[in-house]
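Trainee: take this sequence and fold it.
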Amino acid sequence: MAEVQHSRNDIFVMRTLHWSSLIFLVLLINCGPKIESTETGLASYYADFFQGRATASGIPYDTAALTAAHRDLPLGTVIRVTNLENNQQTTVTVNDRGPYNMKRIIDLSKKAAIELDMIEEGVVEVKLEIYKESSSE
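Mentor: As a prediction, this is how the structure comes out:
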């Protein structure tokens, strides 16, 4: 095999690209949304009956939106929800209060339930990853 000869300039460019890539990766990881806390428990979803009714945020419930009800988190909080039975994930925004069944930790919109493939079961074990509010950083 023939040996490839690299000039000093080629080596400098390769090293610069290598370090630039590493720095970009570190910045990307550190500048992304931060997970503030996690919860694990049961999730259910809203029935179609609630379509158009006012939520605690004042925004009407929309079965086609990625929203959720949580008892304690501030309205507007963003949560990544993972169905622990099939590892499907979706991201929702808290816009309502609930669930009122104390055995559950979150009520999801129908669209979120579809994305988590939980329509048939109705109630599933989930993991919530609660993102830190960007305004508080």
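Trainee: now do the strands in the chain.
Mentor: 35-45, 67-69, 78-83, 89-96, 104-108, 124-131 (DSSP state E).
Trainee: contacting residues around the longest one?
Mentor: Looking back up the chat, that one is strand 35-45. If you take Cβ atoms under 8 Å, 6 or more residues apart in numbering as the criterion, strand 35-45 is touched by 80-81, 83-84, 99, 101, 103-110, 112-113, 116, 118-119, 122-132. No exception for glycine: its C-beta is placed from N, CA and C like everyone else's.
Trainee: how does it look with 7 Å?
Mentor: Strand 35-45 has contacts (Cβ atoms under 7 Å, 6 or more residues apart in numbering) with 81, 99, 103-110, 112-113, 118, 122-132.
Trainee: quick revisit: most neighbours per residue, which of the strands of the chain?
Mentor: Ranked by mean neighbour count, the strands of the chain are led by strand 67-69 with a mean of 26 (mean count of other Cβ atoms under 10 Å).
Trainee: quick check: mean pLDDT of that strand?
Mentor: Here strand 67-69 scores 96 as its mean pLDDT.
Trainee: for the remainder of this discussion, apply numbering that starts at 47.
Mentor: In the new numbering, first residue 47, that becomes strand 113-115.
Trainee: just how off-centre is it within its chain?
Mentor: 12 Å (Cα atoms, centre = their mean, to the nearest Å).
Trainee: what strands flank it, and is each parallel or antiparallel?
Mentor: strand 135-142 (parallel), strand 150-154 (antiparallel) (DSSP bridges).
Trainee: so which of these gets nearest G98?
Mentor: strand 135-142 (13.2 Å; Cβ to Cβ).
Trainee: quick one: contacts for the spatially most central residue of the chain?
Mentor: For the chain, the residue nearest the mean C-alpha position is R126 (2.3 Å; Cα atoms, centre = their mean). Contact analysis of R126 by Cβ under 7 Å, 6+ apart lists Q135, T137, E175.
Trainee: let's have these in JSON lines, adding distance to E82.
Mentor: As requested, the contacts of R126 are arranged in JSON lines below (distance: Cβ to Cβ, whole Å):
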{"residue": "Q135", "distance to E82": "17"}
{"residue": "T137", "distance to E82": "14"}
{"residue": "E175", "distance to E82": "9"}
